[in-house]
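Asks: attaching a predicted model along with its sequence, questions to come.
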Amino acid sequence: MSVSNEQVRHIAKLARIAMSDEEIEKLAPELNNILGWVEQLGEVDTDGVEPLATVIDQKLRLREDVITDGDIRDEVLANAPDAQHGFFAVPKVIE
Amino acid sequence: MTDLTSKTIAELRDGFRGGEFSAREIAEVYNSAVAASKALNAYTVETPDIALAAADAADLARAGGNLQPLSGIPLGIKDLFATVGVDTTAGSHILQGFQPVYESTVTANLRNAGAGMLGKLNMDEFAMGSSNETSTYGPVLSPWRRTGSNVGLTPGGSSGGSAAAVAAQIAPGVTGTDTGGSIRQPAAFTGICGIKPTYGRCSRWGIVSFASSLDQAGPMAKTVRDCAILLEAMAGFDPKDSTSLDLAVPQWEANLSSDLKGKRVGIPKEYRIDSVPAEINALWDQGIEWLKDAGATPVEISLPHTKYALPTYYIIAPAEASSNLARYDGVRYGLRDVPEGGNLDAMYARTRADGFGAEVKRRIMIGTYVLSAGFYDAYFTKAQRVRALIKQDFAKAFEQCDVILTPTAPSAAFGIGETTDPLAMYLNDVFAVPASLAGLPAMSVPGGLDGQGLPLGLHLIGNELDEQTVLNAGLAIEERAGFTARPDKWW
């Protein structure tokens, strides 16, 4: 199985990374190399093997449904590239 | 007075407590050493004032009789740990200028234990790399050089700044993180010790995420004892990390013992690889002899799925990374680039194109592909099944042995720019990755120098939660290897 330039362009779109045609050209063989290599896993018989869910056996804990932080709006916004009126601001999304 | 920078953490701690020197003297000596080491590019930020403030607090604590375990000890912190008010960038352009308003649990634990901070340490971007060459700040130079050569060598990665700092004695100890060998391979390359504990021992809260099911913090230092001291301070249950283990922290330092009588050391036959230099296999044989000398019995074991560990890792780690790194979108923190007249989607794509380096993009692309519709089962689920088999291999092996000995890395340190093929770079972690996939504690201890005068490491893998046997076997090797070589100062 190998990925075409068109597929690489599609993955880049899914990953939200802008890429020029030159970058796609360069990346496609690199990805094919890596994907070709990982495909050796096909040799392993995994019939009846459950996929690993947790590496060290443990149960996910539950906690009381109470507020453990809050009232930290300004801290949350402190590193925002653009914050206005107590909100994250982004380029206009509605035409 | 001997140079304080040549002392171990245990010696600094005990000398400070005994009144031989003050914490301020320690901090000042290290601050100067850090400031004079710019040629190594090990630190991305220097924080001499934070080191001094902690030192003054330690001197006061000594006077007041309320010393903490790490009072007086200044440390270097890998740039992956969120440190309040201090740049935390994971070696990435996309996080340049990010100053967290919160502190990671591990660094908070270290501060509460009395430790100071010398600065933040350079690393491969988002911990993705084995040579420190993917950092936006440029590569770290190893303090080590081949005999008679001036060629710049990598300190390994991703915790390369951390490793270089300890080897160059510009930090007595440091934090690292290990996703698939990022503590152990650089420790081996630079002739120092480093341990990755059992997954869940150290809280991941406030550590910039790479692959959440694999990421673990751990210490790197000159000696096994120093690693035990630091790990005790770093580890511990944290309700803010859902995979944190709710267990008491053992007294690893107090229980250190190099007497291995009754212990069985597993030697996995699948790790005997022809392409590995003879010197590395010879050191491995020497390591077996050292552990026998300490009272242990070697046993041949089999880890049949070893050869599939790297390909499994290079599905799982990029998959988790592509998901974790989706948060860098130019909205909440970090870089934002908007093309002229661009909309929100264009902002995401441009920000991520400008902010991420080539290796990070490569891994996000692989991760996105293996998780995409139609491929998820063939790649990701398959890898998780193989991962279960790899874990089972170890579980069976530990019915026959108490600790496993292997080489840490398949080569000594290589030159900057020498390894350009991504796949060849990935092979650096061939011995380190299986223990990561199984969540097991593992450590690298220096064993000796190769023919070029470069350090080589031995690798110990323990059963779940059994850091003690790993540390004890490490101590037995350390005592017998007598590794005292230090790089000649050229920086």
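Replies: Nice, I can see it. Residues are numbered from 1 along each chain as shown, chains lettered A, B, ... in the order given.
Asks: going by C-alpha atoms from here, please, whenever you check contacts or count neighbours.
Replies: Noted.
Asks: longest helix anywhere in chain A?
Replies: In chain A, with assignment by DSSP state H, the single longest helix is helix A:21-38.
Asks: who are the packing partners of that helix?
Replies: helix A:5-14, helix B:309-324, helix B:358-371, helix B:422-426 (3 or more Cα pairs under 8 Å, 6 or more residues apart in numbering or on different chains; DSSP states H and E).
Asks: of all the ones you listed, which one is nearest B:Asn343?
Replies: B:Asn343 lies closest to helix A:5-14 among those, at 14.7 Å (Cα to Cα).
Asks: what comes up buried for the closest one?
Replies: Buried residues in helix A:5-14, counting neighbours by 16 or more other Cα atoms under 10 Å in any protein chain shown, are found at A:5, A:8-9, A:11-13.
Asks: I'd like the helices and strands packed on helix A:21-38 written out as JSON lines, with distance to B:Ser444 added.
Replies: Listed next are those as JSON lines, based on distance: least, Cα to Cα, whole Å:
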{"stretch": "helix A:5-14", "distance to B:Ser444": "38"}
{"stretch": "helix B:309-324", "distance to B:Ser444": "19"}
{"stretch": "helix B:358-371", "distance to B:Ser444": "26"}
{"stretch": "helix B:422-426", "distance to B:Ser444": "18"}
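Asks: adding mean pLDDT, write those helices out as TSV.
Replies: Formatted as TSV, those follow (pLDDT from 0 to 100):
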stretch	mean pLDDT
helix A:5-14	97
helix B:309-324	98
helix B:358-371	97
helix B:422-426	90
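Asks: how about those, which one is nearest B:Tyr333?
Replies: The nearest among these, by Cα to Cα, is helix B:309-324 at 14.5 Å.
Asks: residue 66 in helix, strand or coil?
Replies: Since no chain was named, I'll use chain A. coil (DSSP: H, G, I helix; E, B strand; the rest coil).
Asks: so how far is chain B from it?
Replies: Note on A:Val66: its distance to chain B, by Cα to the nearest Cα, to the nearest Å, is 14 Å.
Asks: let me know the pLDDT of the most centrally placed residue in chain A.
Replies: For chain A, A:Ala15 is the residue whose C-alpha lies nearest the centre (Cα atoms, centre = their mean; 7.0 Å). If you check A:Ala15, the pLDDT there is 98.
Asks: got a list of what it touches?
Replies: B:322, B:326, B:364-365, B:368 (Cα atoms under 8 Å, 6 or more residues apart in numbering or on different chains).
Asks: filter those down to the buried ones.
Replies: Applying 16+ other Cα under 10 Å to these flags B:322, B:364-365, B:368 as buried.
Asks: for chain B, where's the lowest mean pLDDT among helices and strands?
Replies: For chain B, counting by mean pLDDT, DSSP states H and E, helix B:422-426 ranks last in confidence among helices and strands (a mean of 90).
Asks: does that helix reach chain A?
Replies: Yes - judged by Cα under 8 Å from any Cα of the partner chain, helix B:422-426 comes into contact with chain A through B:422-423.
Asks: pull out the buried positions in that helix.
Replies: B:Tyr426.
Asks: name the spans of the chain whose pLDDT lies under the cut-off.
Replies: You didn't pick a chain, so chain A it is. Chain A contains residues with pLDDT under 70 at A:1.
Asks: my bad, chain B
Replies: Using pLDDT under 70, chain B drops low at B:1-2.
Asks: hey, where'd the strands end up in it?
Replies: Counting by DSSP state E, one finds strands in chain B at the ranges B:43-46, B:74-78, B:116-121, B:173-178, B:193-196, B:216-221, B:264-268, B:297-301, B:403-407, B:442-449, B:455-462.
Asks: hey, which of those is tucked in deepest?
Replies: strand B:193-196 (a mean of 34; mean count of other Cα atoms under 10 Å in any protein chain shown).
Asks: neighbouring strands - and their directions - for that one?
Replies: strand B:216-221 (antiparallel), strand B:442-449 (antiparallel) (DSSP bridges).
Asks: got the CA positions of the last one in PDB?
Replies: Once side chains and other backbone atoms are set aside, the C-alpha atoms of strand B:442-449 remain, and they are given as PDB (Å, rounded to 0.1, in the frame of the first residue of the first chain):
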ATOM      1  CA  ALA B 442      14.300   1.000  32.700                       C
ATOM      2  CA  MET B 443      17.600   2.700  33.300                       C
ATOM      3  CA  SER B 444      20.900   3.400  31.500                       C
ATOM      4  CA  VAL B 445      24.200   3.300  33.400                       C
ATOM      5  CA  PRO B 446      27.600   4.100  31.800                       C
ATOM      6  CA  GLY B 447      29.600   0.900  31.200                       C
ATOM      7  CA  GLY B 448      32.800   2.200  29.600                       C
ATOM      8  CA  LEU B 449      34.300   4.000  26.600                       C
END
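Asks: quick one: contacts for residue 8?
Replies: Since no chain was named, I'll use chain A. Each residue near A:Val8 by Cα under 8 Å, 6+ apart is listed here: A:24, A:27-28.
Asks: let's do chain B instead
Replies: Applying Cα under 8 Å, 6+ apart, the residues contacting B:Thr8 are B:172, B:222-223, B:226.
Asks: where's it relative to chain A, distance?
Replies: 33 Å.
Asks: now the buried ones among the contacts of A:Ala15 in JSON lines, with distance to B:Leu141?
Replies: JSON lines is the format used below for those (distance: Cα to Cα, whole Å):
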{"residue": "B:Ser322", "distance to B:Leu141": "29"}
{"residue": "B:Ile364", "distance to B:Leu141": "27"}
{"residue": "B:Met365", "distance to B:Leu141": "29"}
{"residue": "B:Thr368", "distance to B:Leu141": "33"}
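Asks: which of those are close to chain A?
Replies: When Cα under 8 Å from any Cα is applied, the members of those adjacent to chain A are B:322, B:364-365, B:368.
Asks: and the furthest pair within these?
Replies: Maximum pairwise distance among those (Cα to Cα): 7.3 Å, between B:Ser322 and B:Met365.
Asks: wait, doesn't B:Glu464 sit right on B:Gly439?
Replies: Yes - between B:Glu464 and B:Gly439 there is a contact under Cα atoms under 8 Å: 7.4 Å.
Asks: who has more neighbours, those two?
Replies: B:Gly439 (26 against 20; other Cα atoms under 10 Å in any protein chain shown).
Asks: now that one: phi and psi?
Replies: phi 70, psi 20 (degrees, to the nearest 10).
Asks: what about B:Ala36, neighbour count?
Replies: 12.
Asks: what separation is there between it and chain A?
Replies: Taking Cα to the nearest Cα, one finds B:Ala36 at 32 Å from chain A.
Asks: which one is that residue nearest to, not counting chain neighbours?
Replies: Excluding its sequence neighbours, the residue lying closest to B:Ala36 (Cα to Cα, 6 or more residues apart in numbering or on different chains) is B:Trp491, at 7.9 Å.
Asks: distance check, that neighbour against B:Ser131.
Replies: 19 Å (Cα to Cα, to the nearest Å).
Asks: same thing with B:Pro277?
Replies: 19 Å.
Asks: when the two are compared, which one has more neighbours?
Replies: B:Ser131 (33 against 13).
Asks: is that one in contact with B:Asp124, as I believe?
Replies: Yes - in this structure, B:Ser131 is within contact of B:Asp124 by Cα under 8 Å, at 7.2 Å.
Asks: shared neighbours, the two?
Replies: With Cα under 8 Å, 6+ apart, B:Ser131 and B:Asp124 have common neighbours B:157-158, B:160.
Asks: among those, name the buried ones.
Replies: B:157-158, B:160.
Asks: dump those residues to JSON lines, plus distance to B:Tyr30.
Replies: Listed next are those as JSON lines, based on distance: Cα to Cα, whole Å:
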{"residue": "B:Gly157", "distance to B:Tyr30": "23"}
{"residue": "B:Ser158", "distance to B:Tyr30": "23"}
{"residue": "B:Gly160", "distance to B:Tyr30": "19"}
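Asks: just checking, which of the residues you listed belong to helices?
Replies: Per DSSP H, these map to helices at B:Gly160.
Asks: hmm, back to that, hey, what's in contact with both of B:Glu464 and B:Gly439?
Replies: Joint contacts of B:Glu464 and B:Gly439 (Cα under 8 Å, 6+ apart) are A:56, B:198.
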